[in-house]
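Trainee: this one's structure only:
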Ligand code: UDP
């Protein structure tokens, strides 16, 4: 299946299961992957901001997080079959990590929000190992990067708002070789902490 273009912005026509299967192959090959949620608003923003467009198009998976994208694909007989939301993708990735024994790191949101999200998710997903977390207002970036490396996590979820979180991922992924899957998750820690 080819990626689809909406005003020059790529969208991957894959379901949750197809993405997880593909990620598993990429992790086995030692590759790093990035997941970014695309909705009609982001397509508009990307067309005003070339940096954002490049960021989206250079991600590994551009998930169709918005019914607008699903409908647009249907209208052109495209391959997008279902909506793949950022928050549900994160939930699926957490279950995948728990099943495979991969550690997970959370970075972003307010201290209480990220801590509560960690506690609630660990209580609800058997075998989930959230091996570290940091709130989104920490100032010492070098110490943060060291903390993420030392955690041994393989998946990193970043909640700093968009496109800040995606820019942060692009700027730091090479410094975090242990992380194989990066996802910018916007308000998802807030959702899981509620
Ligand atoms: N956030 C953060 N540091 C910042 C700015 C925002 O950790 O400097 C967090 C904020 O606390 C919230 C999350 O980023 O938990 C998502 O923010 P927002 O709702 O603005 O992002 P969106 O989902 O609209 O992209």
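Mentor: In hand now; what should we look at? Not measured: the values here are computed from a predicted model.
Trainee: so which residues on the protein come close to the ligand?
Mentor: Selection of the chain residues close to the ligand by Cβ under 6 Å from any ligand atom yields 108-110, 113, 136-137, 159-162, 186-187, 189-190. Placement of C-beta: from N, CA and C, glycine included.
Trainee: show the buried residues in the residues you listed.
Mentor: Buried by 16 or more other Cβ atoms under 10 Å: 108, 109, 113, 136, 159, 160, 162, 186, 187, 189, 190, out of those.
Trainee: now for those: which two are most distant?
Mentor: The two members of those with the most space between them (Cβ to Cβ) are 113 and 162, at 16.8 Å.
Trainee: in the protein, mark out all the helices, start to finish.
Mentor: With DSSP state H, the ranges of helices along the chain come out as 16-28, 40-48, 50-57, 67-75, 86-100, 111-124, 141-151, 164-172, 188-193.
Trainee: in terms of secondary structure, what does the fourth one contact?
Mentor: To tie it back to what came earlier, the one meant is helix 67-75. Helix 67-75 is packed against strand 4-6, helix 40-48, with contacts defined by 3 or more Cβ pairs under 8 Å, 6 or more residues apart in numbering; DSSP states H and E.
Trainee: and the ones you listed as a markdown table, adding mean neighbour count?
Mentor: Output for the helices and strands packed on helix 67-75, formatted as a markdown table (neighbours: other Cβ atoms under 10 Å):
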| stretch | mean neighbour count |
| --- | --- |
| strand 4-6 | 17 |
| helix 40-48 | 16 |
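Trainee: mean pLDDT for these - can I get that in a markdown table?
Mentor: Output for the helices and strands packed on helix 67-75, formatted as a markdown table (pLDDT from 0 to 100):
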| stretch | mean pLDDT |
| --- | --- |
| strand 4-6 | 97 |
| helix 40-48 | 95 |
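Trainee: let me have these in a markdown table, extended by distance to residue 121.
Mentor: Rendered in a markdown table, the data for the helices and strands packed on helix 67-75 read as follows (distance: least, Cβ to Cβ, whole Å):
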| stretch | distance to residue 121 |
| --- | --- |
| strand 4-6 | 32 |
| helix 40-48 | 25 |
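Trainee: alright, I will stop here.
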